[in-house]
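Chemist: show me how the following folds:
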Amino acid sequence: MTLLNAPEFNEKQETRKRNILIGSGVLFLILGTFALTGFVLGHGWFFINLPAEHHVSTFLAALQAKDYPHAYAIFYNDPDWQQHPDKYKDYPLQRFTEDFTTESDWKGLVTSYHVDFSRRDKSGTVVASTINGSTNLTLHYSRKDGTLAFFPFVLTRGF
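Modeler: Numbering: from 1, shown residues only. Coordinates of the predicted model:
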């Protein structure tokens, strides 16, 4: 094919190609910004840790409302825990209630809380929270069964 018998210019097709190219670039920038924002804010790439953070927030809201049986059910992800209390004999409701009232590290009831940020590990998500304005509470959310556990280390922000 020579220059003299080149195909005729199709304006619609070229406009469509240009729009697809520009749209792809804009979509890539939006997705990249969304992913990076979630990571920088401490909620995981693409905000993937938000379900675990919501679970911890629900747990802390039940503690703040002094609904300890409900908080215990959230802690073990078992709404029917009262049907089989022997399953949780290692950490019974009485000890759980003591931990979040008198024997806790923050020495009192949960009056306020804020879920700060989270990090993923091999088995779940570690969620850092602030209790009563100044004390850190770090909980581990298990992906396998949805239970919570106390995490022995204080989680800090940073890369």
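
Chemist: would you mind giving the domain segments of the protein?
Modeler: Taking automatic domain parsing as the criterion, the chain consists of the domains 10-41, 45-150.

Chemist: residues of the first one that come out buried?
Modeler: For domain 10-41, burial by neighbour count (16 or more other CB atoms under 10 Å) applies to residue 38. C-beta here means a position set from N, CA and C on the backbone, and glycine is covered the same way.

Chemist: next helix or strand past the helix or strand of the chain with the lowest mean pLDDT?
Modeler: Lowest by mean pLDDT, DSSP states H and E among the helices and strands of the chain is helix 93-99, with a mean of 88. Following helix 93-99 in sequence order, the next helix or strand is strand 113-120 (DSSP states H and E).

Chemist: give me the helices and strands touching the following helix or strand past that following strand, please.
Modeler: Sequence-wise, the next helix or strand downstream of strand 113-120 (DSSP H and E) is strand 124-131. Judged by 3 or more CB pairs under 8 Å, 6 or more residues apart in numbering; DSSP states H and E, strand 124-131 is in contact with helix 50-64, strand 113-120, strand 135-142.

Chemist: what's the closest of the domains of the chain to residue 4?
Modeler: domain 10-41 (18.3 Å; CB to CB).

Chemist: any idea how far the closest one is from the chain center?
Modeler: Computed by CA atoms, centre = their mean, to the nearest Å, the chain-centroid distance of domain 10-41 equals 27 Å.

Chemist: sorry, back to before: quickly, which of the domains of the chain bottoms out on average pLDDT?
Modeler: The minimum mean pLDDT among these belongs to domain 45-150 (a mean of 89).

Chemist: quick one: stretch 46-63 to chain centroid distance?
Modeler: With CA atoms, centre = their mean, you get 6 Å for stretch 46-63.

Chemist: for that stretch, which positions count as buried?
Modeler: 49-50, 52-53, 55-57, 59-60, 62-63.

Chemist: next up, the contacts around residue 130.
Modeler: 113-114, 116, 136-137 (CB atoms under 8 Å, 6 or more residues apart in numbering).

Chemist: let's go with 10 Å and repeat that
Modeler: By CB atoms under 10 Å, 6 or more residues apart in numbering, residue 130 lies in contact with 60, 106, 112-116, 136-137.

Chemist: cool, residue 91 as well?
Modeler: 72, 75-76, 99, 149-150.
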